[in-house]
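K.L.:
show me how the following folds:
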Amino acid sequence: MAETVLFLALFSLASWVYLCGLRGGFWRADQRLAPDGGQTTGAHVVAIVPARNEEAYVGRALRALLAQKGVELHVVLVDDHSHDRTRAVAEALAAEAGGRLTVTGTAPLPGGWTGKLWALEEGVRVAGRVDAHAEYLLLTDADVEIGPSTLRRLLAKAGRERLDLASLMVELDHRGVWGRLLIPAFVFFFQKLYPFRWVADLSKATAAAAGGCILVRRAALERAGGVGAIRGALIDDCALAAAVKRSGGRIWLGLADDARSLRDNRRLSSIWDVVARTAYTQLNHAPTLLAGTLAGMMVTYLVPPLATLLWPLHGSAAAAAVGGAAWLLMMLCYRPTLRCYGQPTAAGTLLPLAGLLYSLMTASSAVRHWRGRGGHWKGRVYPTPVRSDSGEVRVE
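P.N.:
All right, here's what the predicted structure looks like:
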């Protein structure tokens, strides 16, 4: 037993040495907008906001967009057949916005499309009518509140670095016990999966974006095939980034400092549902990838604390020491992300627990898929996704 524990502890430590040194510096959490942003080009922007049953948040989201400073912006709210007062709230704001906010709906959802992407497709069409000269589109969500200088700073970065797509992972609600435990870990895992420096590197295939805030050059979107090119993608933000990068576009992804999600994450179930909706899709619905991912998570995150704390049971001082070293390295890697969310370094001791819970969410995602409930979101259950020739998972 002692030899097995030592082997697993050594494997875990080697994994953390690799992650810290050879995974694009993902753990630094240092990809951010410049504080002042610099000068913009004066380009026109149309913000497209798909919304389905967002009555609780849509008012704040739209007011934040209309309050953007230093940009020429028109906002298009696309109501995706909401059952609540989402459209009424938006139309009331439109009446006060002096023509800067257009509210529209969508035709019935056609086969092969997800609801959000069908709404975005309608938004792109409307954008061409409300401002034919708009060089950029801002794709955002109806539950995201963007700070007043965020768009100007994004535009400045896109212009300065000739970016075709610039995206921000907005700050997620991290109140309550579950929010404090799981949300920084979610951001950490996302950065590990898609190292932000690799996203911006044209020599790397890695591509990702965060759907809450995506600024895309209109010509680049058209060159990538438009929204229709990813119409069935369940992980639509990363699919869009991949399409733009494959078509030769320069992309960038960073962490926001003045843009936040309004969605409440204080309940475990709310976080669980978001992750379980697409986690198995991320694994291409492959049981072998699922098994490998779960085993990897266990070795990487659970072995270090178990090897350390259970020393009296396995009796190997070497295994306990190696496990402790891996646990410490894990905490040091997690520290920059914890700082982003105002948490102390000591909170890193709980990352293994967060890793266990996310592993259970991933397993739950697979079970939902096998039961025909994969992709369930806001009253819709999408058909079983298939993998296209380009490697993208989409509904058909």
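K.L.:
contacts, neighbours, all on C-alpha from now
P.N.:
Will do.
K.L.:
just the element for Ser167, please.
P.N.:
In this structure, Ser167 sits in strand 165-171 according to DSSP states H and E.
K.L.:
CA-only coordinates of that strand in CSV, if you can.
P.N.:
Only the C-alpha atoms of strand 165-171 are listed here, as CSV (Å, rounded to 0.1, in the frame of the first residue of the first chain):
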residue,chain,number,x,y,z
LEU,A,165,-12.0,38.9,-31.4
ALA,A,166,-11.4,40.0,-27.8
SER,A,167,-13.3,38.4,-25.0
LEU,A,168,-13.5,38.9,-21.2
MET,A,169,-14.4,36.3,-18.6
VAL,A,170,-16.6,38.5,-16.4
GLU,A,171,-16.5,38.2,-12.7
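K.L.:
any idea how far Ala239 is from Leu93?
P.N.:
From Leu93 across to Ala239, the span is 32 Å (Cα to Cα, to the nearest Å).
K.L.:
so for the two, which residue has more residues nearby?
P.N.:
Ala239 (23 against 19; other Cα atoms under 10 Å).
K.L.:
re earlier: can you give the strand pairings for the strand holding Ser167, parallel or anti for each?
P.N.:
The strands beside strand 165-171 in its sheet (DSSP bridges) come out as strand 213-217 (antiparallel), strand 251-261 (parallel).
K.L.:
which residues does that strand contact?
P.N.:
Under the contact criterion Cα atoms under 8 Å, 6 or more residues apart in numbering, strand 165-171 has outside partners 144, 154, 158, 209-217, 220, 241, 244, 249-261.
K.L.:
just the buried ones from those?
P.N.:
Buried subset of the contacts of strand 165-171 (neighbour count, 16 or more other Cα atoms under 10 Å): 144, 154, 158, 209-217, 220, 241, 244, 249-257, 259-261.
K.L.:
and whatever helix or strand Ala239 lives in, what's buried?
P.N.:
Assessed by DSSP H and E, Ala239 sits inside helix 236-246. Using 16+ other Cα under 10 Å as the test for burial, helix 236-246 gives Asp236, Asp237, Cys238, Ala239, Leu240, Ala241, Ala242, Ala243, Val244, Lys245.
K.L.:
state the helix or strand in which the closest residue to Ser364 other than its chain neighbours lies.
P.N.:
Counting by Cα to Cα, 6 or more residues apart in numbering, the nearest residue to Ser364 once its immediate chain neighbours are dropped is Ala276, at 6.1 Å. Per DSSP H and E, Ala276 falls inside helix 268-282.
K.L.:
what's the angle from the strand holding Ser167 to helix 236-246?
P.N.:
Taking axes from the mean of the first three to the mean of the last three Cα atoms, to 10 degrees, one finds that strand 165-171 is oriented at 150 degrees with respect to helix 236-246.
K.L.:
distance between strand 165-171 and the chain's centre?
P.N.:
8 Å (Cα atoms, centre = their mean, to the nearest Å).
K.L.:
for it, buried residues please.
P.N.:
Buried-residue list, strand 165-171, by 16+ other Cα under 10 Å: Leu165, Ala166, Ser167, Leu168, Met169, Val170, Glu171.
K.L.:
nearest to Val58, out of these: which one, please.
P.N.:
Distance to Val58 across the buried residues of strand 165-171 (Cα to Cα) is lowest for Val170, with 16.1 Å.
K.L.:
what pLDDT does that closest one get?
P.N.:
Looking at Val170, its pLDDT is 98.
K.L.:
Val275 now?
P.N.:
Here, the pLDDT recorded for Val275 equals 94.
K.L.:
around it, how many other residues sit close by?
P.N.:
By other Cα under 10 Å, the residues close to Val275 number 17.
K.L.:
ok, now how distant is it from Ala242?
P.N.:
Taking Cα to Cα, one finds Val275 at 21 Å from Ala242.
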